[in-house]
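Enquirer: below: sequence and its predicted model.
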Amino acid sequence: MIQNMSDRARLHNGVEMPWLGLGVYQMDEDKQVVEAVQSALSLGYRSIDTATLYQNETGVGEAVASSGIAREEIFITTKVWNSDQGYESTLAAFETSRRKLGLDYIDLYLIHWPVKGKYKDTWRALEKLYAEGAVRAIGVSNFQPSHIEDIMADSQVIPMVNQVEYHPKLAQKPLLAFCQFHGIQLEAWSPLMNGKLDDPLLHQIAAQYGKTAAQVVLRWDLQNGVVTIPKTVHPGRMKENMDLFDFELSPQDMALISQLDQSVRLGADPDNFDF
């Protein structure tokens, strides 16, 4: 059982990553993201997930710098955007992200989407950055098994993380099994289904444990061995999302939640997307 906020998942290269973090998608670059990250860090969060696409890396960096928390205690993830993919352009994009974040190194760098004809060259760039120590771990986002197998066929390093849309209505069991088999840590974006939690089963189970539907879903993630990064700008909701470590869902309730799976996507299909 994952017991507290300080518990971490060990990636296959030995790097440890917090099980619970804060996502900052659609947070404004200026005051909003700075205050949100400052609040999260003061509450005990130690993982922040951003991306070039989010256009708020500078604000994330400002909040980290002003936190007074030792750099090595904070796990920072960012991602290369689709239009920057390719070998040389990825290396340049990484340096831009590192400069905006104001960091000497980044903890986890991800390929945001599997752009056909480009993601393998992008992965070669990530391998270079990893070998040079500019990033502690590298991975992918929104990749299906076929994409990962394509990378592994010609690469020196297996992705350490695959960040994907993951929630009770999109449980992605084959993908989770694939990643677990290869030692790739699955990470959930949009774990709370953009707030669409008005499901009778979730509320019924939540009432049994004296928790909210959101807490039940996040606990389901953790017990499935999935790192999760719910997004919120509200300190009260951040505290609620942290309150996951004093209960454990029974095997029966885990199975019931998993039966909500309908392969419903809120985001794009990785096999068919525009960028």
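Expert: Happy to help now that I have it. Numbers count the residues shown, from 1 in each chain.
Enquirer: what segments of the stretch 151-275 of the chain are helices?
Expert: Along the stretch 151-275 of the chain, counting by DSSP state H, counting those that start in this stretch, helices occupy 173-181, 200-209, 213-223, 235-242, 251-258.
Enquirer: what would the ones you listed look like in TSV with mean pLDDT, distance to Asp274 and mean neighbour count?
Expert: Bear in mind the C-beta positions are built from the backbone N, C-alpha and C, glycine included. What follows is the helices of the stretch 151-275 of the chain, written out as TSV (pLDDT from 0 to 100; distance: least, Cβ to Cβ, whole Å; neighbours: other Cβ atoms under 10 Å):
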stretch	mean pLDDT	distance to Asp274	mean neighbour count
helix 173-181	98	22	15
helix 200-209	98	32	15
helix 213-223	98	28	23
helix 235-242	97	31	17
helix 251-258	98	31	14
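Enquirer: out of those, which is closest to Met193?
Expert: Distance to Met193, taken as Cβ to Cβ, is lowest for helix 213-223 among the helices of the stretch 151-275 of the chain, at 7.7 Å.
Enquirer: list the buried ones in the one helix or strand Arg124 maps to?
Expert: Secondary structure assignment for Arg124, by DSSP states H and E: helix 119-132. By 16 or more other Cβ atoms under 10 Å, the buried positions in helix 119-132 come out as Tyr119, Lys120, Thr122, Trp123, Arg124, Ala125, Leu126, Lys128, Leu129, Tyr130.
Enquirer: what sits against His12?
Expert: Ile158, Met160, Gly183, Ile184, Gln185 (Cβ atoms under 8 Å, 6 or more residues apart in numbering).
Enquirer: farthest-separated two in these?
Expert: The widest separation within these (Cβ to Cβ) is 11.1 Å, between Ile158 and Gln185.
Enquirer: any of the contacts of His12 buried? List them.
Expert: Judged by 16+ other Cβ under 10 Å, buried ones among the contacts of His12: Met160, Ile184, Gln185.
Enquirer: measure the first one to Ser67 for me?
Expert: In other words, Met160. According to Cβ to Cβ, to the nearest Å, Met160 stands 25 Å off from Ser67.
Enquirer: list the contacts of Tyr45.
Expert: Listed by Cβ under 8 Å, 6+ apart, the contact set of Tyr45 reads Met5, Pro18, Leu20, Gly21, Leu22, Met238, Met242.
Enquirer: what is the burial count for Gln144?
Expert: The number of residues packed near Gln144 is 19, by other Cβ atoms under 10 Å.
Enquirer: and the closest residue to it other than its chain neighbours, how many neighbours?
Expert: Excluding its sequence neighbours, the residue lying closest to Gln144 (Cβ to Cβ, 6 or more residues apart in numbering) is Pro270, at 5.3 Å. Using other Cβ under 10 Å, Pro270 has 19 neighbouring residues.
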